[in-house]
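Undergrad: Just a sequence and a predicted model for now, questions to come.
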Amino acid sequence: MSGVIFLAKICTLKKQKDFKLVYQKGKVFGNRNLVMHYLKNGKDTNRLGIIVSKKVSNRAVVRNRIRRQLKEAYRLNENQFALGYDLVLIAKASCKDEKYPVIEKSLKHLFYKKNLMRQDHD
């Protein structure tokens, strides 16, 4: 089993009450491709929820691709983001036509604009 790399698992929001709490008490910010709702959770980790509705595309293949791209963009940049937040990312219809680098840049833009970047990251 040498050579096997285990990736850290991203903590996710799963329960509807968790999503509702972020919507009701959290803050919201968006850009051309994404909307982010965020709320301090008092923990030392972030929890991520991703929503790609049928407004984006009726095809599940397209919605799942966008969801995977967002999750991967978050995972690769997680060490740059501040900890202690519940985050809900909502994809806009414009995501459907974008390539991965644009989606990643949009995600980083949201965190940067709301000062959710770590000050001590490399």
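TA: Now that the structure is in, tell me what you want to look at.

Undergrad: Can you give me the buried ones in the lengthiest helix in the chain?
TA: Ranked by residue count under DSSP state H, the longest helix found in the chain is helix 60-77. For helix 60-77, the neighbour count (16 or more other C-beta atoms under 10 Å) marks 63, 65-67, 69-70, 73-74 as buried. For every residue, glycine as well, the C-beta is placed using N, CA and C.

Undergrad: for these, which one is nearest Gly26?
TA: Within the set of the buried residues of helix 60-77, Tyr74 lies nearest Gly26; the separation is 17.0 Å, counting by C-beta to C-beta.

Undergrad: Surely that closest one touches Leu48?
TA: Yes - if you go by C-beta atoms under 8 Å, Tyr74 and Leu48 touch, sitting 5.9 Å apart.

Undergrad: Common neighbours of these two, please.
TA: Shared contacts of Tyr74 and Leu48, defined by C-beta atoms under 8 Å, 6 or more residues apart in numbering, are found at 10, 89.

Undergrad: any idea which element the residue positioned nearest the centre of the chain lies in?
TA: Taking C-alpha atoms, centre = their mean, the centroid of the chain lies closest to Leu89, which sits 4.6 Å from it. Assigning secondary structure by DSSP states H and E places Leu89 in strand 85-91.

Undergrad: Quick one: the helices in this structure, in order.
TA: When assigned using DSSP H, the helices of the chain occupy the ranges 16-25, 60-77, 100-113.

Undergrad: Any chance of the backbone angles for Asn46?
TA: Backbone torsions for Asn46, taken as degrees, to the nearest 10, come to phi -100, psi 150.

Undergrad: what's the burial count for the closest residue to it other than its chain neighbours?
TA: Leaving aside its sequence neighbours, Asn46 sits nearest to Tyr85 (C-beta to C-beta, 6 or more residues apart in numbering; 5.1 Å). Neighbour count of Tyr85, defined by other C-beta atoms under 10 Å: 22.

Undergrad: wouldn't Tyr85 be in contact with Gly42 here?
TA: No - Tyr85 is beyond contact range of Gly42, at 9.9 Å (criterion: C-beta under 8 Å).

Undergrad: still on that earlier bit, just the C-alphas of the strand holding Leu89, formatted as CSV.
TA: Provided in CSV are the C-alpha atoms of strand 85-91 (Å, rounded to 0.1, in the frame of the first residue of the first chain):
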residue,chain,number,x,y,z
TYR,A,85,-17.2,29.4,9.9
ASP,A,86,-20.2,27.6,8.4
LEU,A,87,-20.2,28.3,4.7
VAL,A,88,-22.9,27.8,2.1
LEU,A,89,-21.8,28.2,-1.5
ILE,A,90,-24.6,28.7,-4.1
ALA,A,91,-23.6,28.4,-7.7
